[in-house]
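Novice: sequence unknown, structure follows:
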């Protein structure tokens, strides 16, 4: 038994060393507008299409349902960090008047062809939103804030997002849930090794620590999905009953994604 434990420690140490070597030998590229300009043409292929589509539907349905519960009269929204515009398009299909901003000119150029007629997408940052005070009923930001350079910038982003909301408006924060140690390891080393979106040095926001970023009250919190993005769709379909069971169990706090809903007071 002692020999098996020593072997296990040795294998774990070796794998950790390999991933550290890959991390330190990889070029450091600042994640910002220029980075996402560089990968604009290949951004969508970083995650399997079936998984992207499933997450698109899941997240927008969660927002629609939360709006119905917490702010049923909400109509005008903003996608802060809209990327190529797929979420803008889907929210508009659900009946909301949503526009989008992104720091990447390359992503915005592609989004303009995806969002459909009537939508407006423009250059903008979560740190400097080109909207007037209290102009939106809801705002959502999807996997954006963990790319910011410091906790101070994340706090500034929350303040700026809330500035644009009307009293009673909703802020939807969609982020990766790294409370699960294995998933944190996956997002810190495996995922950056498989694609060029993240570097492995992101500042993850845990849903249980919202007060460290903002005083806005948390009115809803949803945990969802448990499987890494690289799993083939047939495997995901096979395991989907297990995933749904986990989402409704006490183990949901170790999910892969979460949606936190905050209210402007």
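Specialist: Okay, I see it. Just so it is clear, the structure is predicted and the values come from calculations on it, not from any experiment.
Novice: How about stretch 69-78, which residues are buried there?
Specialist: 70-71, 74, 77-78 (16 or more other Cβ atoms under 10 Å). Bear in mind the C-beta positions are built from the backbone N, C-alpha and C, glycine included.
Novice: which one of the residues you listed sits closest to residue 91?
Specialist: residue 77 (6.4 Å; Cβ to Cβ).
Novice: Quick one: residues contacting that closest one.
Specialist: Residues near residue 77 by Cβ atoms under 8 Å, 6 or more residues apart in numbering: 91, 96-99, 136-140.
Novice: Who is it paired with across the strands?
Specialist: Taking DSSP bridges as the rule, residue 77 bridges to residue 98, residue 138.
Novice: returning to that earlier point: let me have the buried residues of stretch 69-78 in a markdown table, extended by pLDDT and distance to residue 212.
Specialist: What follows is the buried residues of stretch 69-78, written out as a markdown table (pLDDT from 0 to 100; distance: Cβ to Cβ, whole Å):
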| residue | pLDDT | distance to residue 212 |
| --- | --- | --- |
| 70 | 98 | 23 |
| 71 | 98 | 25 |
| 74 | 98 | 27 |
| 77 | 98 | 26 |
| 78 | 98 | 24 |
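Novice: can you pull the buried residues of the one helix or strand residue 69 maps to?
Specialist: In the assignment (DSSP states H and E), residue 69 maps to helix 49-70. Buried residues in helix 49-70, counted by 16+ other Cβ under 10 Å: 51, 54-55, 59-60, 62-63, 66-67, 70.
Novice: quick one on the thing from earlier: are any of the contacts of residue 77 buried, and which?
Specialist: Buried among the contacts of residue 77 (16+ other Cβ under 10 Å): 91, 96, 98-99, 136-140.
Novice: From the buried residues of stretch 69-78, pick the one nearest residue 226.
Specialist: residue 70 (25.7 Å).
Novice: For that closest one, which residues are in contact?
Specialist: If you count contacts by Cβ under 8 Å, 6+ apart, then residue 70 has 170, 219-220, 261, 263 around it.
Novice: what's the spacing between it and residue 219?
Specialist: 6 Å (Cβ to Cβ, to the nearest Å).
Novice: Find residues that contact each of the two.
Specialist: By Cβ under 8 Å, 6+ apart, residue 70 and residue 219 have these common neighbours: 170, 261, 263.
Novice: Tell me the pLDDT of the last one.
Specialist: Read it as residue 263. In the predicted model, residue 263 carries a pLDDT score of 98.
Novice: Settle this for me: it is touching residue 215, isn't it.
Specialist: No. Residue 263 is beyond contact range of residue 215, at 11.1 Å (criterion: Cβ atoms under 8 Å).
Novice: Neighbour count: those two, which is higher?
Specialist: The neighbour count for residue 263 versus residue 215, taken as other Cβ atoms under 10 Å, is higher for residue 263 (19 against 11).
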